[in-house]
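[1] A predicted structure for the sequence below; I have some questions about it.
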Amino acid sequence: MDLKSLLFGQEEWQFLLNTFVRTTVMFLVILVGLRMLGKRGIHQLSVFELGVIIGLGSAAGDPMFYKDVGILPSVVVFIVVISMYRLVTYLISKSDRIETIIEGTATYILKEGIILEAFKSQPLGRDEFLATLRQKQVFHLGQVETVVMESDSQLSIFFYPDDKVRYGLPILPEALSQTYKKTSDPGVYSCFACGNTQELKPNTQYSCPRCNHDKCVKSLNGQRVR
């Protein structure tokens, strides 16, 4: 094994000082660039802002350790990317249509304890969604009035007051494992797929009237424990 090649690649050890200077300069350029993006660009990244950050990171990385990549071209890239960012954010502030195109829109994915059809088109798996609700001390969907997926993919969750909690689909793993294709006992049941809840009599075959799914779960109506 060639230890020199392993440690220095094709460069001489003197290039370490060059790398130190390049990295220091580009780090300062990154700090200035992020400061120019403003608090919004740092605190909460949309798809557009994430693209800007990736572009800046790519422009900053190469000059740090590639000798044949100059610093000034990367600085120009920074200036162009930040200028484009400022232009687009200005256009967004002036036009709702442009904001929708660039940032996307918020989407309702649950209303009145029922998972909506729009949920299927979102970049969120059912298990991940239910896990997020469980982390908010939710153990059945009758406790949840509305869930909105924001344009940055964060979930905004709105709960029913305790006195308005209704029967809903239980979301604890043990309860979800106890599904029924037919209801032998009368009671309140929820569709395993969408959470549609109704009182049922003994039946030979279950079919959700909302989504036609063939499995149901016994509903719960307890209040959230906070």
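    Cool, the structure landed.

[2] Report the helix or strand with the lowest average pLDDT across this protein.
    Across the helices and strands of the chain, mean confidence by mean pLDDT, DSSP states H and E is lowest for helix 39-43: a mean of 45.

[3] mind listing the helices in this structure by residue range?
    Counting by DSSP state H, one finds helices in the chain at the ranges 3-8, 15-37, 39-43, 47-65, 71-94, 96-103, 126-135, 173-176.

[4] Tell me which of these sits nearest to Ile115.
    Among these, helix 126-135 comes nearest to Ile115, with 8.0 Å by CB to CB. Glycine gets a C-beta too; all of them are placed from N, C-alpha and C.

[5] Count the neighbours of Phe220 for me.
    If you look again at residue 220, you'll see it is Leu, not Phe. Leu220 is flanked by 21 other residues according to other CB atoms under 10 Å.

[6] just Phe159 next, same as before
    Around Phe159 there are 18 other residues, counting by other CB under 10 Å.

[7] now swap in the one 10 residues further on and tell me
    Neighbours of Leu169 under the rule other CB under 10 Å: 28.

[8] Just to check, it is in contact with Gly195?
    Yes. Counting by CB atoms under 8 Å, Gly195 is a contact partner of Leu169 at 3.9 Å.

[9] overlap in contacts of these two?
    113, 141 (CB atoms under 8 Å, 6 or more residues apart in numbering).

[10] middle-most residue in the protein, spatially?
    When CA atoms, centre = their mean is applied to the chain, the residue found nearest the centroid is Ser153 (3.5 Å).

[11] For the spatially closest residue to that one that is not a sequence neighbour, report the pLDDT, please.
    Distance criterion CB to CB, 6 or more residues apart in numbering; nearest residue to Ser153, sequence neighbours excluded, is Pro123 at 6.6 Å. Listed pLDDT for Pro123 reads 81.

[12] Quick check: the gap between Pro123 and Tyr108.
    According to CB to CB, to the nearest Å, Pro123 and Tyr108 sit 16 Å apart.

[13] Which one's more surrounded, these two?
    Between Pro123 and Tyr108, Tyr108 has the larger neighbour count (other CB under 10 Å), namely 13 against 7.

[14] pretty sure the more buried one contacts Thr146?
    Yes. Counting by CB under 8 Å, Thr146 is a contact partner of Tyr108 at 6.7 Å.

[15] Give me the domain ranges for this structure.
    As given by automatic domain parsing, the domain ranges for the chain are 3-101, 107-218.

[16] highest average neighbour count across these?
    domain 107-218 (a mean of 16; mean count of other CB atoms under 10 Å).

[17] coming back round to it: out of the helices of the chain, which comes closest to Asp162?
    Of all these, helix 126-135 sits nearest to Asp162, with 16.8 Å by CB to CB.

[18] chain center to the closest one, what's the gap?
    For helix 126-135, the separation from the chain centroid amounts to 12 Å (computed by CA atoms, centre = their mean, to the nearest Å).

[19] Counting by contacts, list what it packs against.
    Using 3 or more CB pairs under 8 Å, 6 or more residues apart in numbering; DSSP states H and E as the contact test, the elements touching helix 126-135 are strand 155-159.

[20] what comes into contact with the strand it packs on?
    106, 129, 132-133, 136, 138, 143-150, 224.

[21] can you name the two of these that are farthest apart?
    Greatest spatial distance among those (CB to CB): Ala106 and Arg224, at 23.7 Å.

[22] show me the contacts for the closest residue to Gly142 other than its chain neighbours.
    In space, Gly142 comes closest to Gly168 once its chain neighbours are excluded; the distance is 2.5 Å by CB to CB, 6+ apart. For Gly168, the contact set (CB under 8 Å, 6+ apart) comprises 113, 140-144, 190, 195, 197, 219-221.
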